[in-house]
Every structure is written in C-alpha cells, then in structure tokens.
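K.L.:
My questions concern the predicted model and sequence given below.
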Amino acid sequence: YFLSFGQNYKAIGEYRTALRFLEQYAQARPEDARVYKEIGDLYQHLGDVEQSVRYYKRSLLLQSDQRSLQLIIAKIAVQSRKWREAMYWTRKAEAIRYDEEV
C-alpha cells in the first residue's frame, strides 16, 4: 500500500509525504522500477533536479525501455546546458520504437 499512498499524496501535491511512502516502498521492493520514477518526479516537483535525475537513472537501470523517461532526462540535460548528455539520452530514446514502450 506504500506505493498507492505515495502516488495519492503526489496527486494532491503533498510531495514530502508522498516521498516518505515511496521511500518505504523502495526499501521493501527495490527491484520495482516504477517507484524510482515516482521518486524522481517528486524531487523534480521539489526543485532538486540532481536527485530527480539520479532516481530516473536508477529506474532505467531496472527497466531500460522507458522511452518517455529517457526523454525527460534529455530535457533536463538541455535545460542544464549539458549538450552531450542531452544527445546521449535523446539517441537512446530514439532507439526504442514507440510500440515497444511499456
């Protein structure tokens, strides 16, 4: 239930409360890529871009075919003027066909 509670608190803008629930879920289910994307989203909302990217990348380590997540990282890299990193993630995303994304 930690995942559901975390997602619900995130949906109503209670980001720090959501983070507590999702971190507990991550401890219990460290192999679930979804939770790391959710935590990354929360850090993005809280303004901590470095932490958000860290969690997004952890999610991708567990499930590498998340095209939309790769594009999010590429967009963050562009905003940070990290051009090589932006190109890297854009190319990775382009390598995944739209119909293959889960």
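P.N.:
That came through fine.
K.L.:
what's around Glu94, how many residues?
P.N.:
12 (other C-beta atoms under 10 Å). Bear in mind the C-beta positions are built from the backbone N, C-alpha and C, glycine included.
K.L.:
which residues of this structure score low on pLDDT?
P.N.:
For the chain, applying pLDDT under 70 flags the ranges 98-102.
K.L.:
got the residue ranges for the helices in this structure?
P.N.:
Counting by DSSP state H, one finds helices in the chain at the ranges 2-11, 15-28, 33-45, 49-62, 67-79, 83-94.
K.L.:
right, so these: which one is the most enclosed?
P.N.:
Across the helices of the chain, averaging neighbours per residue (mean count of other C-beta atoms under 10 Å) puts helix 33-45 on top, at a mean of 21.
K.L.:
Name the residue closest to the centre of the chain, please.
P.N.:
Lys37 (2.8 Å; C-alpha atoms, centre = their mean).
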